[in-house]
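K.L.:
coordinates only, sequence not included:
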């Protein structure tokens, strides 16, 4: 931990941008892979990753970043500004780099229309408001105004291959909407509604960035980058799937503001260090959330027609010890067919398979894409065999029939039936089924000389219904087994030695994966993970069961009454909904309509009042038929209102209003 603190401190105090923390293990240059080189000559190969032949995927906004690469000079990698001062003037914002030395230019942002310009000197100012900022995340344009997102607080949380990693502790939205003064009343109203959604960006959790290393790529893919790609700016090296601010960067890219183009990922970054005998073992766990089908738990389920799935997360576990570096990657994602689970005030809404005839084609697109990116794929399905989950699993298994090959395998493991709530150790049954595949796919390994000893040839894709609780427990088991194999192979562990033989290391490793699962769960469902005790302690505890109950109720409330608005905010931030004056002005009444939802408290109060009055009247009904009538009347009123709310449950929920759900 001392080395970690020194690494972060040196980065924060460095006098100029030429300082770089060296790689722990300097990788030798390797031949450049076409699919990782975002140069103009290989642009088509790059895009083919997200558009697997012969079933091309539609071009997304995030791919526009790749298409704009030819606008930027390829001669050298531009250093990012790591610290700036923001000057707030009446008519503009000025961003002044303060990394050290005298900056050549300053970024001026108009508060009228959001236009960006580089100026040679600071204007004369009287007592301006000044604050420190640590990165420009990007810009979004709405109907009349533009909004700049900046990082106002950061926290150094660790290092990735020797480079400091920072967590975004605070974001700030800077409005550039003075042009609204001359806008119509209707435009002002719409702008206000959209800008309220943008404020959700300030509350986004799990954002991480680095000024020196590309966090969107695993250690293996970083190692495979050639010298030419390593000279490119970080945003040009990035995998657009995991670039959280890909859409917001477009305006900065158009204006060629290289030193300000800071790539940000959403996910988690956890690190533990422990002494194992005479050796120190450092384990880092990174989650990278995909932005293709991003959203909240109930409003983003399954896949879209292009094969992109909800809650797709790449998890990379990195072990470093005695100069060795080993990396193992797993992925999770929703069942890759078209299905929904639209909230309707019930605790567990029913699953709906949409356009079942498209299931084989959608699943094929999804797995072809995975195969291109990771190699062979083992799909582990953890849902129940019976009930509504079972019917969904049957559709999934059926869609996989035409995809099976030597490179794509499918395994079903009924987690609830086999493991229940207390028998976490029974996951060993699953491990025995997939052990040969894990051994064959391997892991990435650099020795003490920085030479590649092994590489990972495939990936395990795990899913349950939410891809949260059961999935995290299963992935932690697989990660544990692979870490034990790595430590045995480099000689720290004996042949049959396990992590459990080292209690301190074992405890820290469990907490590492539990925190990892909590972070992913919070970003998708709004609460920490359920079954977290299985990961932390290997068994369920009474406090854990009570905590699961509270989190389950919290999920119910958030899913039904909050997540629709949150989904709108996500769609706006990621460019899944593009603001258009003509379209949005025509749909004002629709966007602002929420009469059913606002009447739910009144309906609930009437039901409760009816029950209370019915009970009071019933007490007096023995000697007075009038009270018996009143009791029946109030009870009937309560039941009628409750039945009406139940029948129209979807209308009483907080639904997305920008990008309509399929249901």
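P.N.:
Looks like it came in fine. None of these values were measured; they are calculated from a predicted model. Numbering: from 1, shown residues only.

K.L.:
So what's the residue count around residue 117?
P.N.:
For residue 117, the tally of surrounding residues (other CB atoms under 10 Å) stands at 12. For the C-beta atoms, the positions are set from N, CA and C on the backbone; glycine is no exception.

K.L.:
Could you check which helix or strand contains it?
P.N.:
strand 116-119 (DSSP states H and E).

K.L.:
Parallel or antiparallel, list what pairs with that strand.
P.N.:
Applying DSSP bridges to the sheet, strand 116-119 is found paired with strand 106-110 (antiparallel).

K.L.:
Not counting its own residues, what contacts the partner strand?
P.N.:
Identification of contacts with strand 106-110 by CB atoms under 8 Å, 6 or more residues apart in numbering yields 91-97, 115-122, 136, 148, 174, 176, 257, 260.

K.L.:
which of the residues you listed are buried?
P.N.:
92-97, 116, 136, 148, 174, 176, 257, 260 (16 or more other CB atoms under 10 Å).

K.L.:
Check the gap between residue 297 and residue 310 for me.
P.N.:
Applying CB to CB, to the nearest Å, the value for residue 297 to residue 310 is 9 Å.

K.L.:
Next: residue 196.
P.N.:
For residue 196, the distance to residue 310 - CB to CB - is 25 Å.

K.L.:
For the two, work out which one has more neighbours and name it.
P.N.:
Remark: of residue 196 and residue 310, residue 310 carries more neighbours, 25 against 12, as counted by other CB under 10 Å.

K.L.:
these two touch, right, that one and residue 292?
P.N.:
No - taking CB atoms under 8 Å as the contact criterion, residue 310 and residue 292 are not neighbours in contact, 9.2 Å apart.

K.L.:
mind listing what the residue most central in space within the chain touches?
P.N.:
Most central in the chain under CA atoms, centre = their mean is residue 289, positioned 3.1 Å from the mean C-alpha point. With contacts defined as CB under 8 Å, 6+ apart, residue 289 is in contact with 206, 242, 244, 265, 266, 267, 311, 312, 313, 520, 523.

K.L.:
How many residues are close by the first one?
P.N.:
Using other CB under 10 Å, residue 206 has 18 other residues around it.

K.L.:
do the same with the fourth one
P.N.:
Neighbour count for residue 265, taken as other CB under 10 Å: 27.

K.L.:
Just grab the bridge partners of it for me.
P.N.:
The partner list for residue 265 in beta bridges (DSSP bridges) reads residue 208.

K.L.:
Number the chain from 22, please
P.N.:
Okay, using 22 as the starting number, the last item reads as residue 286.

K.L.:
was I right about it contacting residue 235?
P.N.:
No - in terms of CB under 8 Å, residue 286 does not count as a neighbour of residue 235; the distance is 9.6 Å.

K.L.:
Show me the helices in the stretch 172-321 of the chain, by range?
P.N.:
In the stretch 172-321 of the chain, the segments counted as helices under DSSP state H, counting those that start in this stretch are 206-219, 240-245, 248-251, 255-258, 271-275.

K.L.:
Point out where this structure drops to low pLDDT.
P.N.:
For the chain, residues meeting the criterion pLDDT under 70 lie at 22-98, 442, 555, 559, 602-621, 624, 642-644, 681-684.

K.L.:
The helix or strand just after the strand holding residue 138 pairs with which strands, and in what direction?
P.N.:
As assigned by DSSP H and E, the chain's next helix or strand after strand 137-140 is strand 150-154. According to DSSP bridges, strand 150-154 forms sheet pairs with strand 105-109 (antiparallel).

K.L.:
mind listing what's buried in the strand it pairs with?
P.N.:
Of the residues in strand 105-109, those buried by neighbour count under the rule 16+ other CB under 10 Å are 105, 106, 107, 108.

K.L.:
Over to stretch 500-512?
P.N.:
Neighbour counts over stretch 500-512 (16+ other CB under 10 Å) mark 500, 501, 502, 503, 504, 505, 506, 507, 508, 511 as buried.

K.L.:
So the nearest residue to the second one once chain neighbours are set aside versus residue 347, what's the distance?
P.N.:
This means residue 501. Nearest in space to residue 501, with sequence neighbours left out and distances taken as CB to CB, 6 or more residues apart in numbering, is residue 520 at 6.0 Å. Computed with CB to CB, the distance linking residue 520 and residue 347 is 14 Å.

K.L.:
With residue 172 instead?
P.N.:
Relative to residue 347, residue 172 is positioned 32 Å away (CB to CB).

K.L.:
of those two, who's got more company?
P.N.:
Between residue 172 and residue 347, counting by other CB under 10 Å, residue 347 is the more crowded of the two (26 against 22).

K.L.:
which SS state does the more buried one fall under?
P.N.:
The local conformation at residue 347, judged by DSSP: H, G, I helix; E, B strand; the rest coil, is strand.

K.L.:
isn't it right up against residue 505?
P.N.:
No - the pair residue 347 / residue 505 is not scored as a contact, 11.5 Å apart, by CB under 8 Å.

K.L.:
For the contacts of residue 310, please prepare JSON lines with the additional fields distance to residue 635.
P.N.:
Output for the contacts of residue 310, formatted as JSON lines (distance: CB to CB, whole Å):
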{"residue": "227", "distance to residue 635": "48"}
{"residue": "263", "distance to residue 635": "56"}
{"residue": "265", "distance to residue 635": "53"}
{"residue": "286", "distance to residue 635": "55"}
{"residue": "287", "distance to residue 635": "50"}
{"residue": "288", "distance to residue 635": "51"}
{"residue": "332", "distance to residue 635": "44"}
{"residue": "333", "distance to residue 635": "50"}
{"residue": "334", "distance to residue 635": "50"}
{"residue": "541", "distance to residue 635": "46"}
{"residue": "544", "distance to residue 635": "44"}
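
K.L.:
Now intersect the residues you listed with the strands, please.
P.N.:
Judged by DSSP state E, strands contain the following of these: 286, 287, 288, 334.

K.L.:
Now the two most distant members of these.
P.N.:
In terms of CB to CB, the ones in strands among the contacts of residue 310 reach their longest pairwise distance at 286 and 334, which sit 10.8 Å apart.

K.L.:
Now list whatever residues contact both of these two.
P.N.:
309, 310.

K.L.:
farthest-separated two in the buried ones among the contacts of strand 127-131?
P.N.:
Taking CB to CB, the two most distant members of the buried ones among the contacts of strand 127-131 are 118 and 197; they sit 20.1 Å apart.

K.L.:
what's near enough to touch the residue lying closest to residue 504 once chain neighbours are set aside?
P.N.:
Using CB to CB, 6+ apart and skipping the chain neighbours, the partner closest in space to residue 504 is residue 340 (5.9 Å). The contact partners of residue 340, taken as CB under 8 Å, 6+ apart, are 302, 303, 304, 346, 347, 348, 504, 507, 508.

K.L.:
7 Å instead?
P.N.:
Applying CB atoms under 7 Å, 6 or more residues apart in numbering, we find residue 340 in contact with 302, 304, 347, 504, 507.
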